[in-house]
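Participant: I'll drop the sequence and a predicted model, then ask my questions.
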Amino acid sequence: MTTQEFWRSIEAIHDVVYFAPYAKERYEAIGLKGFWMGYAASRSAALGTPSPEVVTALFHGFAPGMIARALPDAWSMADRDEILQVRLGIARDRVVEAIGDQDVTRTADAAQRLVEQLDLAGRPLAAAHASLPVPEDPVTRLWSAVTVLREYRGDCHVAVLTAAGLGGASANALAVATGLVPPGQRELRGWTEAEWAAAFDRLEQFGWASGTEATDTGRAARARLEDATDRSCGAGLDQEATARAYALSNDLLPIARAVEASGAVSYPNPTGVPRP
């Protein structure tokens, strides 16, 4: 089992909350306006009621103006704890739709034990999610643990991207240029045409793109960024935790593939993570 299969499985199981057809309706039912506000508020609510500046920094790939469309207004429209509960409900329902009545208690417990062994220094979004109460229901507990792991890798990835000189727009532009995400990524992440053009200009300065197409150097650089992210993730796992992660992979992959087979997550998608 490769590291890529582990992280791709984590991503697939977590992502069910973003593709559920009823997500928008459920967020609106508690007072939020539309899918995007539900996304921004539910993903950041683990931090409390953070400012748009803080969320922009942690999400990295989204334009500041897009975050500002949702926050801080969301915090006055719906209760933070209720937002978190709605998100958990969406996740549980979508996973159950994919795996049926499969008992995931053992997998959920193993994932939670791995979460408790993570070194969260420098991984703020993962730490925020790890601080939330652990759900009693096995499916929800599994999704919650997987979400901490997903945000853990995300925090590591953001650190690698910024160290490489890639801001949110240029990181997304590179993902488009290398075919990792759909062509409409600019609109999905809220970047203006001028910001997008500047992002590709930056990639050209690096020698990573020619126009809007990735060069061979750019493709190699993007692969190195993934490798560096994997190394950063590994640095936060001791020998025992690493062994747990490899053992957990064997249980997560069938669940992730069931999620994919059910259509709960579509590929390719804006996360840029390939199918498990």
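Facilitator: Good, I have the coordinates.

Participant: what's the following helix or strand after the helix or strand containing Asp81?
Facilitator: If you go by DSSP states H and E, Asp81 is part of helix 80-99. Per DSSP H and E, helix 80-99 leads on to helix 105-117 as the next helix or strand towards the C-terminus.

Participant: Flag every buried residue along that following helix.
Facilitator: 107-108, 110-112, 114-115 (16 or more other CB atoms under 10 Å). For glycine as for every other residue, the C-beta is placed from the backbone atoms N, C-alpha and C.

Participant: got the contact list for that helix?
Facilitator: Helix 105-117 is contacted from outside by 130, 134, 138-139, 141-142, 144-146, 148-149, 237-238, 240-241, 244-245, 247-248, 251-252, 255, using CB atoms under 8 Å, 6 or more residues apart in numbering.

Participant: go with 6 Å
Facilitator: Helix 105-117 is contacted from outside by 130, 138, 141-142, 145, 148, 241, 244, 248, 251, using CB atoms under 6 Å, 6 or more residues apart in numbering.

Participant: Please indicate which of those are buried?
Facilitator: Buried by 16+ other CB under 10 Å: 130, 138, 141-142, 145, 148, 241, 244, 248, 251, out of the contacts of helix 105-117.

Participant: Mind checking which of the residues you listed land in helices?
Facilitator: Restricting these to those inside helices, with DSSP state H as the criterion, leaves 130, 138, 141-142, 145, 148, 241, 244, 248, 251.

Participant: export the residues you listed to CSV and tack on pLDDT and distance to Pro182?
Facilitator: Listed next are these as CSV, based on pLDDT from 0 to 100; distance: CB to CB, whole Å:
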residue, pLDDT, distance to Pro182
Ala130, 98, 31
Pro138, 98, 34
Arg141, 98, 32
Leu142, 98, 28
Ala145, 98, 29
Val148, 98, 27
Ala241, 89, 34
Arg244, 89, 34
Leu248, 94, 30
Asp251, 95, 30
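
Participant: any chance you could map the strands in the protein?
Facilitator: Remark: strands assigned in the chain by DSSP state E are 209-210, 213-214.

Participant: The first one - what's its average pLDDT?
Facilitator: Put plainly, it is strand 209-210. When pLDDT is averaged over strand 209-210, the result is 98.

Participant: now do the last one
Facilitator: Across strand 213-214, pLDDT averages out at 97.

Participant: ditto for stretch 159-167
Facilitator: The model assigns stretch 159-167 a mean pLDDT of 97.

Participant: and what of stretch 67-87?
Facilitator: Stretch 67-87 carries an average pLDDT of 98.

Participant: and if you look at stretch 265-276?
Facilitator: Per-residue pLDDT over stretch 265-276 has a mean of 92.

Participant: Residue numbering should commence at 46 henceforth.
Facilitator: Taking 46 as the first residue, the last one we looked at is stretch 310-321.
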